[in-house]
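A.B. asks: compute the structure for the input listed below.
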Amino acid sequence: MRKPPRIDLIALDLDGTLLDARDDVSPANRRAIRAALDLGVRVVLVTGRGADAPARLVRELKLNLPAICAHGALTRDFLAGRTLGHIPVPLALARPLIAHAERHRLNVAVYFDERFLCLSGTTVFMEDQRGAHWAEVPSLIEAVHEAPTFLRFLGREAVASVHAAFPDVPQLHFKNETWGEFEECAITSRDATKERALQQLCADFQVPAERVLALGDSRNDVPMLQWAGIGLAMANALPEVRQAVGRTTASCEHDGVARAIETYVLEPQKKEKSA
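C.D. replies: Below is the predicted model of the structure:
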């Protein structure tokens, strides 16, 4: 039997993967990541979030790679303070979406310059909307004068409205996600995906796909998980995600990241050293 390739890089989604329901990294996940780093394995965060949470976690976990944020639209080296990749939504395409949201008073957040802008009176769906990286403005049309990194339509009403009004925009990618009763549609450039950003990062560090372990739980994670040598869906992922990926680990509430790292990184290297 052919020996599986050694894992050189671990790619981790955040929400529903590395982070638990309390928006924290469990002690077991922290220990497993530290053990992998001590072995020389690179660890990269790949998230749909903006830059605030990844920047904090890169420092907390003492990670050794830039982070991929905004669904692949932004790759940022937080330790060096450099942006390595940015694929924004062209302003000419963003403005009609923003105007539609403003006209119908939809819950929308526009991300640029590493902060979210939303209309005054926007519904608070998530605790991070109260953070310093979120700001309310009376008019997004008047506030947004450059190409945003991405847009987020928040809540079922906003998601349904934007799909009805913009059924086909070939240059854009509409990423739909569901968490319980909450729905969201993140809109990026067609070229901005987690898979493409991870491919580019791996190419920069000369890490082939077969040496990548990737974990995620969302629909937008599937192409990345299918591309990686070992792609695992979390047990808490939607059935369609688990089916598309084919392999799973435990849920985010049961240290699925730690279990995957132990199985595919730590244990094989222990066996290699004792052989």
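
A.B. asks: please report how far the closest residue to residue 193 other than its chain neighbours lies from residue 50.
C.D. replies: Excluding the flanking residues, the one nearest residue 193 by C-beta to C-beta, 6 or more residues apart in numbering is residue 72, at 4.6 Å. C-beta: built from backbone N, CA, C; applies to glycine. Plainly put, residue 72 is 13 Å away from residue 50 if you go by C-beta to C-beta, to the nearest Å.

A.B. asks: tell me the contacts of the residue nearest to residue 193?
C.D. replies: 46, 87, 188, 192-198 (C-beta atoms under 8 Å, 6 or more residues apart in numbering).

A.B. asks: which stretches in the stretch 1-150 of the chain count as helices?
C.D. replies: Using DSSP state H, counting those that start in this stretch, the helices of the stretch 1-150 of the chain run over residues 27-38, 52-60, 91-103, 140-143.

A.B. asks: now do the longest one: which elements does it pack against?
C.D. replies: For helix 91-103, the elements it packs on are strand 108-112, helix 140-143, strand 150-154, helix 156-165, judged by 3 or more C-beta pairs under 8 Å, 6 or more residues apart in numbering; DSSP states H and E.

A.B. asks: buried residues in it?
C.D. replies: 93-95, 97-98, 100-102 (16 or more other C-beta atoms under 10 Å).

A.B. asks: neighbouring contacts of that helix?
C.D. replies: With contact meaning C-beta under 8 Å, 6+ apart, helix 91-103 is reached by 106-108, 110, 119, 139-141, 144-148, 151, 153, 158, 161-162, 165-166, 169, 171-172, 187.

A.B. asks: just how off-centre is that helix within its chain?
C.D. replies: Relative to its chain's centre, helix 91-103 lies at 24 Å (C-alpha atoms, centre = their mean, to the nearest Å).

A.B. asks: could you pull up phi and psi at the residue lying closest to residue 127 once chain neighbours are set aside?
C.D. replies: Using C-beta to C-beta, 6+ apart and skipping residues adjacent in sequence, the residue nearest residue 127 is residue 23, 7.4 Å away. With angles defined as degrees, to the nearest 10, residue 23 sits at phi 70, psi 30.

A.B. asks: what's the distance between residue 192 and residue 122?
C.D. replies: Taking C-beta to C-beta as the measure, residue 192 and residue 122 are separated by 24 Å.

A.B. asks: got the buried residues for stretch 6-17?
C.D. replies: Buried residues in stretch 6-17, counting neighbours by 16+ other C-beta under 10 Å, are found at 7-17.

A.B. asks: equivalent analysis for stretch 74-92, please.
C.D. replies: By neighbour count on 16+ other C-beta under 10 Å, the buried set for stretch 74-92 is 74-76, 78, 84-89.
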